[in-house]
Each structure stands twice: as C-alpha cells, then as structure tokens.
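Trainee: kindly return the folded structure for what I paste below:
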Amino acid sequence: MTPLLTLLFAVAVGVIVLPLYAAQPLISSIASSFHLSSGMMSLTTTMPMVGYAAGVLLLVPLIDLLEMRRLILTTLLVGTAALAAAALAPSSAFFLPAALAFGASASAIQMLVPAAAGMVPEAQRGQVIGNIMSGLMMGILLSRPLASLAAVVFGWRGSYALDAVATAGTVIVLYRFLPHRKPAIQFETYGALIASLWELLVKEAVLRRRVTYQALCMGAFGIFWTAVALRLAQPPFELGQTGIGLFTLAGVGGAVAAPLAGWAGDRGWNAPATRAAHAAVVVASILAGLVGAPWFGFDPIARPALSLALLAISAVVLDLGVIGDQTLGRRAVNLVNPEARGRINGLYTGIFFLGGAIGSLVAGIASASSGWTFVCLIASGFGIAAFVLAARDHWSEISRMEEQR
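Mentor: Next up, the predicted model:
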C-alpha cells in the first residue's frame, strides 16, 4: 500500500459514495417530479441506503469467494447503468428500484477498504484506514452540496447523470491500478458463504458491539440530514436549493475526524475516543433542536442568523461524532479475524447502514407529523443509547480483566 495507492483508494471511495446521499437535499424536487406524498417522499432517500445495506451484506462477502478486482469493476459497472436509469426514470416506479440498485453497487467501497487493510501491517492499519475513510467521508459530506448545486444548473436528473459519468471514470482508473487478489479461503457455494455471516456475528463480540454503536450513530445521522433540508426550506430560513447546497458544505468539516480517530485507535485510546464521539452526537442533536423550538428561552424566529449558524455548528459536530465512531469501529473489526475481513466488513457496514436507513425513514415521518423538535429528540435518543451501551461494555471489559487477574 503505497501513498499513491492510498490516495487512489481514498478518491475512488469518495466518488463512488456521491450518489448514496444525493437524494437528501433533492428530496423535495424528486418528490415533486413524481407527485409523492409527504409520507412517501422519504423513500427517495431510504432506498439507496437499503440497497447499500443489502449490497454490503450480500455482495461484499463475495471478496472471500471471488477474485477481488473483477468483482469490484463489475459491481461499479452495474452502478453506472443504475445511475443512468435513475436520471432517465419517468416515474417513481422506475426511480426507486434504480436507487436501490445504485445503492447496492456503492458497496464496492467496502470491498476496497478491506483490500487496503490487508496490504498494511497492523501498526499502520488504523492510519491507512483513517486516510481512506477521509476520502469516503469527504465524498459523503460533499455529496449533498454537489447534488444541490448540480441540480440548480442541470436539474435533479442532471445530478444523477453526472454521478453516472463520475462512476464510469472511476471504473477506468481502477481497471488500470487495482491489483488482482484471490481469497485466502475458498467456499464451495455462495450459500455457504452467506451462512457463515451469522456464525461470525455470533462469534465476534467486538463486531457486535461496534456495529451496534455505529448503527445508532448512523440513525441520528440519517435523521438529521434527511430532515434538515426540509427545515431549511421553512421559516425563518426559507432557503432555496442553492442555499441548502451551500449549507450542507458545513458538514465537510467532520471529515477531519477520520484520521484523528484512526490515530487515536493506533495509540490505544479507543474507549475515551468512542465516548467522545457519542457525546458529540448527543450535543449536536440538542444544539440542532434549539433551532426549531424555544428551548431554554431561545427564540429561533427572532434570531434567524444565529439559528442558522447554530444549525451549521451542530452539523459539523454531528459528523465529527459519527465519523469518529465509524473509523474506530472499522479499525477494531479489521483486527479481529483477518481471514474473514471481507465478510466482517460486509456485516459491519450493512448493519450500521440499516440504522441510517431507519433514521432517514423516521425523519420523513417525524418531520411531517411532529416537526423539527421531535426529529432532534429522536436523534439525541440514538446518541444517548450509543453512549450508554459503550460505557457499559467498557466497564464490563474492565471487570472481566480484573477477575482474570
């Protein structure tokens, strides 16, 4: 794993992830085109995440069965076709399956991450994974503003068309530089491979703990970023597509958490760094709630500029927490069983993305029925649950070590 290849992996995963979150700032435009009701519009953001979760659970484990390079390139070619289909979709009946398909194809990201992890020694693994995760997080955080700004110029269909072109370009680059790699363990059938996922989940306690924390964090992430576009279009902000796109740039600051969290994990600071990440999710959710209701005597309508600034700060803090926990978790699960790295990464990412999909779905329903305040309360509840579970697991581990002495 040379610095150049690390950079290539980081850029590749950043490009591949772009369409996964594109629907969040475009939710109103897409829903309007297809005449979706307020309760149904959240499907445009939920379907890519459900597809991604399915992809990492059902496709990523294939790197333990098939040759890695061919699998990655084939997956991305299917994604390119699905993005083109989404751009041309005449109705939601065509768009939603296409969204499911390009979401599933984005799981190629999780084929690249374990491939990179297997190319570096354990002492440097956290740093390399953190650097690649920085590319992934930059892609996630830039996907919303880029989608918004592209939609201003080309419409929401043009945004997906540009994603299709970018993904096709990534295929060409990876075809040139991606190394060949055959799996260390050969499974006789795909069914045996998938059946082994449950065995790994039961066997690896670290995997169970870390995926639970990140699923809760991603639930808060999905809730916030799906609902915030709707909130920004309402008083006192009343932002248009361009304004919403510029606002989502605030979350880019959270990308710095990935290398910092990887560095902290390599130095044995996993537990305090995890607690800090979960606390950030809780603080960000409460801070965001101030913008929607007169909590603690604060009136957002009387102070719209300050409210918008607080909302931007909460976006940065939330992304710092979610990205930090994910990087620490990814480092931890990549150390537990090197021979099953592809399947473990598939389980880890697939399950926590289900948390993000649930958050996105809840956001649409909660926002339509109870408003922004309720949305933020739910998000903070996810963060509190992650904090409490991590603290419990940490003290249980300490007690176990003391008993062994």
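Trainee: from now on I want contacts and neighbour counts done on CA atoms only, so please keep to that.
Mentor: Noted.
Trainee: am I right that residue 132 is in contact with residue 115?
Mentor: No - using Cα atoms under 8 Å, residue 132 and residue 115 do not qualify as a contacting pair, with a distance of 11.3 Å.
Trainee: neighbour-wise, which of the two wins?
Mentor: For residue 132 and residue 115, the more surrounded residue by other Cα atoms under 10 Å is residue 132, and the numbers stand at 29 against 21.
Trainee: residue contacts, that one?
Mentor: Contacts here follow Cα atoms under 8 Å, 6 or more residues apart in numbering; on that basis residue 132 touches 6-7, 9-10, 13, 113.
Trainee: try 7 Å this time
Mentor: By Cα atoms under 7 Å, 6 or more residues apart in numbering, the residues touching residue 132 are 6, 9-10.
Trainee: what about residue 324, distance to residue 265?
Mentor: As for residue 324, its distance to residue 265 is 10 Å (criterion: Cα to Cα, to the nearest Å).
Trainee: more crowded one of these two?
Mentor: Between residue 324 and residue 265, counted using other Cα under 10 Å, residue 324 has the larger neighbour count: 30 against 24.
Trainee: touching, the more buried one and residue 263? I think so.
Mentor: No - counting by Cα atoms under 7 Å, residue 263 is not a contact partner of residue 324; they are 10.7 Å apart.
Trainee: would you map the strands across the stretch 101-250 of the chain?
Mentor: Taking DSSP state E, counting those that start in this stretch to define them, one finds no strands in the stretch 101-250 of the chain.
Trainee: all the helices of it, in order from the start?
Mentor: Remark: helices of the stretch 101-250 of the chain, listed N- to C-terminal, are 109-117, 122-177, 190-203, 205-232, 241-248; assignment by DSSP state H, counting those that start in this stretch.
Trainee: now the first one against helix 122-177, angle please.
Mentor: Read that as helix 109-117. For helix 109-117 against helix 122-177, the angle between stretch directions is 120 degrees (axes from the mean of the first three to the mean of the last three Cα atoms, to 10 degrees).
Trainee: go on, the shortest one?
Mentor: Relative orientation of helix 241-248 with respect to helix 122-177: 150 degrees, computed using the same axes, to 10 degrees.
Trainee: quick one: the first helix or strand past helix 241-248 going along the chain to chain centroid distance?
Mentor: On the C-terminal side of helix 241-248, the nearest following helix or strand under DSSP states H and E is helix 257-266. In terms of Cα atoms, centre = their mean, to the nearest Å, the centre of helix 257-266 is found 17 Å from the chain centre.
Trainee: ok, residue 50 - contacts?
Mentor: For residue 50, the residues meeting the contact criterion (Cα under 7 Å, 6+ apart) are 100, 354, 357.
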